[in-house]
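>>> coordinates only, sequence not included:
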């Protein structure tokens, strides 16, 4: 009986992270791009051709006797009435090689905030390009603004892999010429923007060519299908090599316990950076109190070392005042010793692992209907901590067509720019290129409580 129980437990909680086709190695990706590029249809094609849709579900997405693949993800009544995607819809499917979580992001400019939300937690992004909307006969054709905007946002949000899928090539007169010119324009844009592209694939979402099944020789393309590309993409690496950092989301009390050898509260959240294990010396932010980790629990309440990107419960070696919104950070490192014994200067302060600061130089993707101007005050959310943030200055905005940094006094809706922020309280914010969680904030309008901007710390 014991052996059977152990085998069931082993299968439920695999020890080898990243084993083939398990929940850990599942690829979370989004589809994005301009309006009516075929994003919902592409996802529907992936689901149908990978045999992930039941017959009764297919029967419910019929229009005039034909299957409308876009309806598999467009579930809101407004989406079905207008034929557009408004909110992000998630779908799940699996192949023999891997499991997938797909986010269908809207293409309209007014729903950019939904796209940013989906991209912030994605491992990869498939940016669709509609060949019929471009001057494909021109070798120096111009890409659509939303193709540029979404590609830049994906790059800014550190999405690990970007794939271009050129759709509707079956609807142009010369698919091979269109593929050649569009592929060249995408490569030139990516190089100018400093974006690394994993693959560019010609597809027909409507007919299913090069999505799941290859269409040999079409457009002169002989590479892998889109699904084959997705099966080989890596997951986003967690920031495990950094100093430990943990935003407290929930405090669980069990003060009735008679064990006084350690703290009698569990602090739950998701590890933002580094790895937590018993014996780790930590400092509480903002109180500055020092403690040592006595025990670390995983999501199933089993004692276990927990790395970045994983939910955990932390118990400290003593009772310390910690609340939701606080950070449990690596303890400061000792400062260098004085140069000589007769040096009577002040002993240098210890060096914090994650220095707190009030002034931030940031890149902001602005999503509010009201423009961002200097002097405005917003709520800023960092981890689970809320503070007031004042806009000191709008330094410049990014021209998505030329990729040039242009002087600006405000950021209009859906613009991207460089903004200086002043916080009411210091936060342990780090550059986003170093740590995704510690380097990101959101701005919320103090009156309407709408999410106004996605902030990346420079």
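Cool, got the structure. Every value quoted in this text rests on a predicted model; they were computed, and no experiment measured them.

>>> in the stretch 151-300 of the chain, which spans are strands?
161-167, 199-202, 245-247, 250-253, 265-270, 275-276, 281-285, 290-297 (DSSP state E, counting those that start in this stretch).

>>> from those, which stretch is densest packed?
By mean neighbour count, with neighbours taken as mean count of other Cβ atoms under 10 Å, strand 245-247 ranks first of the strands of the stretch 151-300 of the chain at a mean of 26. For the C-beta atoms, the positions are set from N, CA and C on the backbone; glycine is no exception.

>>> So which bits of the helix or strand containing residue 426 are buried?
Assigning secondary structure by DSSP states H and E places residue 426 in strand 416-427. Neighbour counts over strand 416-427 (16 or more other Cβ atoms under 10 Å) mark 416, 417, 418, 419, 420, 421, 423, 427 as buried.

>>> so which of these comes closest to residue 321?
Using Cβ to Cβ, residue 427 comes nearest to residue 321 of the buried residues of strand 416-427, at 18.7 Å.

>>> all helices of the protein, in order?
Using DSSP state H, the helices of the chain run over residues 2-12, 39-49, 55-59, 77-82, 112-119, 145-156, 175-193, 226-232.

>>> for the protein, longest strand please?
With secondary structure taken from DSSP state E, the chain has its longest strand at strand 385-398.

>>> tell me the angle that one makes with helix 145-156.
Counting by axes from the mean of the first three to the mean of the last three Cα atoms, to 10 degrees, strand 385-398 lies at 130 degrees to helix 145-156.

>>> Share the number of residues neighbouring the closest residue to residue 446 other than its chain neighbours, please.
Computed as Cβ to Cβ, 6 or more residues apart in numbering, the closest residue to residue 446 that is not its neighbour in sequence is residue 379, at 5.7 Å. Residues near residue 379, counting by other Cβ atoms under 10 Å, number 18.

>>> hmm, back to that, direction included, what does the strand holding residue 426 pair up with?
Using DSSP bridges, the strands paired with strand 416-427 are strand 357-366 (antiparallel), strand 385-398 (antiparallel).

>>> Contacts for the longest one, please.
Think strand 385-398. Residues from elsewhere that reach strand 385-398, judged by Cβ atoms under 8 Å, 6 or more residues apart in numbering: 152, 247, 325-327, 359, 372-380, 404-411, 415-425, 427, 441, 443, 446.

>>> now swap in stretch 403-414 and tell me
With Cβ under 8 Å, 6+ apart as the criterion, stretch 403-414 contacts 109-110, 112, 149, 192-193, 364-369, 371-374, 394-399, 417-419, 453.

>>> distance of the residue nearest to residue 186 when sequence neighbours are not counted from residue 125?
Spatial nearest neighbour of residue 186, excluding adjacent residues (Cβ to Cβ, 6+ apart): residue 164 at 5.1 Å. According to Cβ to Cβ, to the nearest Å, residue 164 stands 10 Å off from residue 125.

>>> on that earlier part again, residue contacts, the residue nearest to residue 446?
Residue 379 makes contact with 386, 387, 388, 389, 443, 444, 445, 446, according to Cβ under 8 Å, 6+ apart.

>>> Neighbour count and distance to residue 433 for these - can I get that in a markdown table?
Shown next, in a markdown table, are these (neighbours: other Cβ atoms under 10 Å; distance: Cβ to Cβ, whole Å):
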| residue | neighbour count | distance to residue 433 |
| --- | --- | --- |
| 386 | 14 | 25 |
| 387 | 17 | 22 |
| 388 | 13 | 26 |
| 389 | 28 | 21 |
| 443 | 27 | 20 |
| 444 | 19 | 24 |
| 445 | 17 | 27 |
| 446 | 12 | 29 |
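
>>> Could you work out the most separated pair of the residues you listed?
387 and 445 (14.9 Å).

>>> ok, residue 278 - how many residues close by?
Neighbours around residue 278, by other Cβ under 10 Å: 15.

>>> My guess is it contacts residue 306. True?
No - using Cβ atoms under 8 Å, residue 278 is not in contact with residue 306, being 10.9 Å away.
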